[in-house]
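Undergrad: mind folding the following:
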Amino acid sequence: MTRGAVLAEEPAGCRAMAPFRFSRHGLHGRDQWIERLLEIIPGATSWAILAGMLSLSFWTPRLAAVLVIAFDLYWLLRLFYMTLFLILSYLRLTVERETDWMARAQAVERLMERRGTPQPRGVSSRMTQRLSRWIFQRELLALSRHGQPPPRLAEVSHVVIIPIARESREVYEPGIRSLIRQQWPSRQMLVVLAVEGRAAARLQDEARAVQQQYRRHFLDFLVVIHPDGVPGEARVKGANVTCAARAVASHLQQRGISFEHVVVSCFDADTVVSPTYFTCLTYHFMICPTRTRASFQPIPVYHNNIWHVPGFARVLDVGSSFFQLIEATNPEHLVTFSSHSMSFKALVEIGYWPTDMISDDSAIFWKALLHYDGDYRVVPMYVTVSMDVAASDSWRRTVVNVYKQKRRWAWGVENLPIVLRGFLRARRIPLAAKVQHAFKLFEGHVAWATWPFLLGVIGWIPAWYAGREFSNSIVYYTAPRMAIAIFQLSSIGLITTIILSLSLLPRPPVKHPWLKKVGHMAEWGLVPLTAIALSAVPALDAQTRLMLGNSLEFWVTDKTRQRP
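TA: Reported below is the predicted structural model:
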């Protein structure tokens, strides 16, 4: 077995038990029935909203029309709000593309040496650079006031864990090559391929071959084989990466590397990072006053195969990237998603990722938040990581692939009952913070499952179904016209989204790229259909399964590479 394949116990000095069991399995007594009751709430609420509005549309269409108008107005205000912050976040991302993150990190290091606040050198006439420098100065002031010195650049190490279940070498090798091309010294990086023991022997052999080829570039390169059928574990990614992280803990301890100065990044197998990613991550780790109680979230984009997938899949994942851009503007309620990074010290203290949950990328945030009594945060980073759009070798299989991926994402609703049960026991978390976190988590999942149906289908039924007795009423006459006016105003948000998507997407690899972009603009017309069929329906599917007490098996998204 390859070095690091044996499970390692975390150092005794860093072990800390969570205040309660962060799981929906293996509960007893009061915890069991509270968990079961809370599992019913999201799905029951979504179905009640849809069934209630549908019933009102047939039985009392006048009341239904009033409710539809009120909802449409609320949705329009939310759309304008989200569009505004999407633009602001996109501008911030554009500004920070030109940032020299290594120079920034070196400036933070000088702060530690001088015990003062370094002044940015030079004066730029470009507004974007002045804005970036102003943000930098503000972050330096916050760090200097905190009093806790940041680590030196030479003390910071990075661990990159890449889970492999059935992905071939051609899927994850581009990501490893992107690690070598980093501005950050690759000799301060430990790369780990976390391979499932049930993976085909061919895939395990490929992982070892990759290890031998690239090991010399890094501090070390481990292949950790996660044994199948461990008691208390489900067949989920969290169990695999937890096994790898335990091996890393032992490896770092043997090398005498302090956990406090180690940042661990858990990347999907297809993740490719830009050359400045780890200098950006290092800067944010150093500048964050509470760096050992924070996760660091980049902006996920799906550019690896974006021009080789059907239009509906492309539009959906561009929308997912835009949603993360909007979320980045609200760091107080930001939750980890997909590929992300965090302090290795915090990871060990909270007991690693859940080993029996599908939604490990968001669950790790909630687990840390509860463990540290609310003293945990997610720091947004305006740098992108690129992944694959869920696709397959045919249009039909791509639809199935996308549906299952969105359902797996929507299965993050399993966090809600666990988090609410944890809040009931967490005496040190302020009530206001509990209410804000709980409402955002609950409202987000219910809106995901219901809003596309209300906007695309149910909202139009009252006007269609109303009988002649209502045809002369103001509501009957006004409702459809107001709805049309609201949707016409919403086109402002759609046009803005199309323009930003064209700016964010890479250049199409075709002879006439402008034709491809014109086609992409037309693809946004599919949004009403895809939002229902491949977003709301998977979300409702996941909530219904949870409501009925059923489980969802972890489904590995098909990852393919188009060969030249």
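Undergrad: could I have the CA atoms of stretch 499-507 written out in CSV?
TA: Below are the C-alpha coordinates for stretch 499-507, written out as CSV (Å, rounded to 0.1, in the frame of the first residue of the first chain):
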residue,chain,number,x,y,z
ILE,A,499,-24.0,40.6,-20.8
LEU,A,500,-22.0,39.4,-17.7
SER,A,501,-22.1,35.8,-18.9
LEU,A,502,-20.5,36.8,-22.2
SER,A,503,-17.8,38.7,-20.3
LEU,A,504,-17.1,35.9,-17.9
LEU,A,505,-17.0,32.9,-20.3
PRO,A,506,-13.8,31.9,-22.1
ARG,A,507,-13.4,32.4,-25.8
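Undergrad: got any ranges where the chain has weak pLDDT?
TA: 1-19, 112-126, 128, 147, 463, 465-483, 510-512, 554-564 (pLDDT under 70).
Undergrad: state the distance from the residue nearest the centre of it to P380.
TA: With distances taken as CA atoms, centre = their mean, F337 lies nearest the centre of the chain, 1.7 Å away. In this view, F337 and P380 are 11 Å apart by CB to CB, to the nearest Å. Every residue, glycine included, has its C-beta placed from N, CA and C.
Undergrad: now Y352
TA: For Y352, the distance to P380 equals 24 Å [CB to CB].
Undergrad: thinking again about what came up before, now do the shared contacts for F337 and P380.
TA: Shared contacts of F337 and P380, defined by CB atoms under 8 Å, 6 or more residues apart in numbering, are found at Q297, E327.
Undergrad: residue contacts, R21?
TA: L27, D31.
Undergrad: again, 10 Å this time
TA: The contact partners of R21, by CB atoms under 10 Å, 6 or more residues apart in numbering, come to L27, H28, D31, E35, P354, I418, R421, G422.
Undergrad: make CSV from the residues you listed and add neighbour count, secondary structure and distance to D541 to it.
TA: Formatted as CSV, those follow (neighbours: other CB atoms under 10 Å; DSSP: H, G, I helix; E, B strand; the rest coil; distance: CB to CB, whole Å):
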residue, neighbour count, secondary structure, distance to D541
L27, 17, coil, 24
H28, 8, coil, 29
D31, 16, helix, 27
E35, 18, helix, 21
P354, 28, coil, 22
I418, 24, helix, 20
R421, 22, helix, 24
G422, 22, helix, 26
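Undergrad: ok, so of those residues, who is nearest Q148?
TA: Closest to Q148 out of those is G422 (27.7 Å), distances taken as CB to CB.
Undergrad: the closest one contacts A368, doesn't it?
TA: No: counting by CB atoms under 10 Å, G422 sits too far from A368 to count as a contact (11.4 Å).
Undergrad: ok, the residue nearest to the residue nearest to the centre of the chain when sequence neighbours are not counted to W307 distance?
TA: Among residues not flanking F337 along the chain, D361 sits closest, at 5.8 Å (CB to CB, 6 or more residues apart in numbering). D361 is 26 Å from W307, where distance means CB to CB.
Undergrad: compare these two (neighbour count), which wins?
TA: Ranked by neighbour count (other CB atoms under 10 Å), D361 and W307 place D361 first, with 23 against 18.
Undergrad: what helix or strand is that one located in?
TA: Using DSSP states H and E, D361 sits in helix 360-371.
Undergrad: and that helix, how far out from the chain middle?
TA: Centre-to-centre, helix 360-371 and its host chain are 12 Å apart (CA atoms, centre = their mean, to the nearest Å).
Undergrad: okay, strands next: where are they in this protein?
TA: In the chain, the strands defined using DSSP state E lie at 157-164, 189-196, 220-226, 262-266, 272-273, 294-301, 340-343, 377-386.
Undergrad: strands paired with the longest one, and their directions?
TA: What it means is strand 377-386. According to DSSP bridges, strand 377-386 forms sheet pairs with strand 272-273 (antiparallel), strand 294-301 (parallel).
Undergrad: those: which one's closest to L141?
TA: Closest to L141 of those is strand 294-301 (CB to CB; 18.2 Å).
Undergrad: ok, and for that closest one, which residues are buried?
TA: Neighbour-count burial for strand 294-301 flags A294, S295, F296, Q297, P298, I299, P300, V301 (criterion: 16 or more other CB atoms under 10 Å).
Undergrad: so the fifth one makes contact with Q324?
TA: Spelled out, it's P298. Yes: using CB under 10 Å, P298 is in contact with Q324, at 8.8 Å.
Undergrad: what touches both of these two?
TA: F337, S338, P380, T384.
Undergrad: from those, which is closest to R152?
TA: R152 lies nearest to P380 out of these, by CB to CB, at 24.7 Å.
Undergrad: can I assume the closest one is in contact with F296?
TA: Yes: the pair P380 / F296 is scored as a contact, 8.2 Å apart, by CB under 10 Å.
Undergrad: now do the shared contacts for these two.
TA: Common contact partners of P380 and F296 (CB under 10 Å, 6+ apart): H284.
Undergrad: where exactly do the helices run in the stretch 201-350 of the chain?
TA: Per DSSP state H, counting those that start in this stretch, the stretch 201-350 of the chain carries helices over the ranges 201-214, 237-255, 277-287, 311-328, 344-349.
Undergrad: got it, and the stretch 351-500 of the chain?
TA: In the stretch 351-500 of the chain, the segments counted as helices under DSSP H, counting those that start in this stretch are 360-371, 395-410, 415-425, 431-456, 461-465, 474-504.
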